[in-house]
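Participant: quick one, structure for this:
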Amino acid sequence: MNKGVFKKLTASVLAGAMMFSLAACGGGAGDNGGDKTAETVDITGAFLGQIDAWPTYQGGMDGTADKYGIKVNMTYFDSGAPAIETVPAHQWQVADLGSTPSLMGVLRHDVKIVGVASNEAPANAIVAREDNPVFEKKGAVKEFPDIYGDAESVKGKTFLCTTVSSGHYALAKYLEALGLKESDVTVKNLEQPQAIKAFEGGEGDYLVLWTPFLYEAFEKGWKEVANGSQVGAYCLMLYLADPEYAKTGEDGIARFLAMNSVFQDKYNKEADALVGDITDFFVSFAGLKMTEKDVKLDIETHKLYNVSEQLEMLKSGELEKMLEDNASFFVAQNKFSEDELKTLKEKHFNIDPKFLEAAQKVQPTA
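Facilitator: This next block holds a predicted model:
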C-alpha cells in the first residue's frame with residue numbers, strides 16, 4: 001500500500017527546505033517523475049494542522065489515493081500567510097488555506113480558487129483569561145447577544161493574533177460588532193503556538209486562536225469571548241492551485257478534489273466513528289496530541305464539503321459574496337486599496353469551477 005510521503009516543515013525552516021525538492025511537480029497523468037505507474041500524478045500540497053487536511057492525509061494512508069492515481073506530498077505550515085509567500089517559488093501545486101491569506105494569493109500571485117474545504121467560523125475565537133472583566137459584559141451589544149464585551153471594556157486592549165489569517169478576520173468582525181476599529185486596540189502578530197506561550201506568560205489582554213490550538217486555551221482555563229460565527233465572519237478553508245500548475249494540471253487537481261470528496265462524505269456521514277483516525281492524523285501530521293473530547297469538539301465545529309456541495313457554492317455566487325466581505329476587511333485594514341478590491345471583483349476572485357466539474361467525472365480504479 002502506498003502511504004504517500006508526508007513531510008512536515010515549520011515556517012521557520014521553510015527557507016532551508018527550498019534547497020531541495022519534496023516531490024516531482026507532475027503536471028498530469030504520465031508525468032510522474034519515475035513513479036510506480038505511468039498513471040500516477042505526483043503533487044505537493046500546502047496544508048495547516050487542521051481537520052480539513054485529514055481527507056488528504058487519510059487518502060494517502062489507506063490507499064484511496066492510489067485508486068485515484070495521485071500521490072500528494074503534504075507540506076505543513078503554521079498558518080496560511082507563509083504558504084502564500086512561497087507561491088513565486090512554485091513550491092506547491094495545490095493548497096488548503098484560509099480565505100484571508102487565499103485572497104492575498106489571488107491578488108499578489110494570481111492563485112486560483114478551485115474549491116472549498118470547510119467552514120470553520122465557530123472554530124476561530126477570541127479568548128481571555130477567566131478574570132477578565134469582559135465576561136461581565138455579555139449581551140451588551142443587542143445585535144450580537146452571544147458575545148462578551150463592549151467598546152469601553154475592549155478599547156485600548158492588546159490582542160495576540162496571527163495576522164492575515166481567518167482569526168484576524170474574526171477579530172476584525174468582533175471589533176466591528178463593538179463599534180471599534182483595529183486602530184482602537186493593539187494587535188501583536190504571533191503564530192499560534194508562540195501566542196499561547198506569550199499569553200500564558202502574562203502578555204496581552206486577549207488571544208485569538210483557531211482550532212486545534214483553541215482547545216489548548218480551554219484546557220488552560222481561558223474562556224471564549226466570541227467566535228467567528230457569532231459575529232458574521234466567513235471563515236472558510238479554500239482549495240487553491242498554483243497559477244502555473246493550473247494551466248496544465250487540471251487532471252491532477254481534479255483527482256485531488258475527487259479523492260478528498262470520498263473522505264468528506266465519510267466524515268459527514270460517520271464522523272463519530274472516525275475519531276481514532278482523526279486523532280492519529282493530528283499526531284502524525286501536525287504533531288498535536290489531542291484528547292478524544294477535543295477531536296469530537298473539532299468535528300462539531302467543522303463542516304467539510306464534498307465536490308457537489310463545493311461546486312454549488314462556486315457556481316451560485318455564494319462563495320464570491322463571502323470573499324467580497326472578507327476582502328472588504330482587507331481594505332479596512334489598509335492591506336488592500338479600493339482599486340485592488342475592484343480588481344478582485346473584476347476577476348471574480350479567480351474562482352474557477354472547471355476543476356470541480358472535472359472531479360465529478362473522475363472514477364477510481366477497482
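Participant: all helices for the stretch 51-200 of the chain, in order.
Facilitator: Remark: helices assigned in the stretch 51-200 of the chain by DSSP state H, counting those that start in this stretch are 54-61, 64-67, 80-85, 99-109, 151-154, 166-177, 192-200.
Participant: what mean pLDDT does the longest one have?
Facilitator: Think helix 166-177. For helix 166-177, the mean per-residue pLDDT is 94.
Participant: so where do the strands sit in the stretch 251-366 of the chain?
Facilitator: With DSSP state E, counting those that start in this stretch as the criterion, the stretch 251-366 of the chain has strands at 303-304.
Participant: where in it is pLDDT low?
Facilitator: Residues of the stretch 251-366 of the chain meeting the criterion pLDDT under 70: none.
Participant: where do the helices of it begin and end?
Facilitator: 275-284, 292-300, 307-316, 318-332, 338-346, 354-359.
Participant: check which helices and strands the third one sits against.
Facilitator: Judged by 3 or more Cβ pairs under 8 Å, 6 or more residues apart in numbering; DSSP states H and E, helix 307-316 is in contact with strand 112-119, helix 250-270, helix 354-359. From N, CA and C alone the C-beta is placed, and that goes for glycine too.
Participant: from what I can see residue 275 touches residue 298, true?
Facilitator: No - Residue 275 lies out of contact with residue 298 (Cβ atoms under 8 Å); the separation is 9.5 Å.
Participant: higher neighbour count, these two?
Facilitator: Under the neighbour definition other Cβ atoms under 10 Å, residue 275 and residue 298 were set side by side, and residue 298 has more, 24 against 16.
Participant: any idea how far the more buried one lies from residue 43?
Facilitator: Separation of residue 298 from residue 43 (Cβ to Cβ, to the nearest Å): 26 Å.
Participant: for residue 277, which non-adjacent residue is closest in space?
Facilitator: The shortest distance from residue 277 to any residue other than its chain neighbours is 6.2 Å, reached at residue 58 (Cβ to Cβ, 6 or more residues apart in numbering).
Participant: OK, contacts around the one you found?
Facilitator: By Cβ atoms under 8 Å, 6 or more residues apart in numbering, the contact list for residue 58 reads 64, 263, 277, 281.
Participant: count the residues that sit near the third one.
Facilitator: The local packing of residue 277 (other Cβ under 10 Å) involves 17 other residues.
Participant: now it: how far from residue 219?
Facilitator: Separation of residue 277 from residue 219 (Cβ to Cβ) stands at 22 Å.
Participant: tell me the most buried of the helices and strands packed on helix 307-316?
Facilitator: Stretch with highest mean neighbour count among those: strand 112-119 (a mean of 26; mean count of other Cβ atoms under 10 Å).
Participant: give me phi/psi at the closest residue to residue 159 other than its chain neighbours?
Facilitator: Excluding its sequence neighbours, the residue lying closest to residue 159 (Cβ to Cβ, 6+ apart) is residue 206, at 4.5 Å. When read as degrees, to the nearest 10, the backbone of residue 206 gives phi -140, psi 160.
Participant: for residue 165, see how far away residue 206 is.
Facilitator: Shown here: residue 206 relative to residue 165, a distance of 15 Å by Cβ to Cβ.
Participant: and if you look at residue 313?
Facilitator: Distance from residue 313 to residue 165, by Cβ to Cβ: 21 Å.
Participant: looking only at neighbour counts, state which of the two leads.
Facilitator: Higher neighbour count among residue 313 and residue 165: residue 165, with 26 against 21, using other Cβ under 10 Å.
Participant: list phi and psi for the more buried one.
Facilitator: Torsion angles, degrees, to the nearest 10, at residue 165: phi -150, psi 170.
Participant: from memory it sits against residue 81, does it?
Facilitator: Yes - using Cβ under 8 Å, residue 165 is in contact with residue 81, at 6.8 Å.
Participant: circling back to that earlier point, the helices of the stretch 251-366 of the chain into TSV, with extra columns for distance to residue 267?
Facilitator: TSV is the format used below for the helices of the stretch 251-366 of the chain (distance: least, Cβ to Cβ, whole Å):
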stretch	distance to residue 267
helix 275-284	8
helix 292-300	8
helix 307-316	12
helix 318-332	20
helix 338-346	31
helix 354-359	17
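Participant: which among those is found nearest to residue 154?
Facilitator: Minimum separation from residue 154 across the helices of the stretch 251-366 of the chain (Cβ to Cβ) falls at helix 318-332, 16.9 Å.
Participant: for that closest one, buried residues please.
Facilitator: 319-320, 322-324, 326-327, 329-330 (16 or more other Cβ atoms under 10 Å).
Participant: so it versus strand 112-119, what angle?
Facilitator: If you take axes from the mean of the first three to the mean of the last three Cα atoms, to 10 degrees, helix 318-332 sits at 100 degrees to strand 112-119.
Participant: packing partners for helix 318-332?
Facilitator: Under the contact criterion of 3+ Cβ pairs under 8 Å, 6+ apart, helix 318-332 touches helix 99-109, strand 112-119, helix 166-177, helix 338-346.
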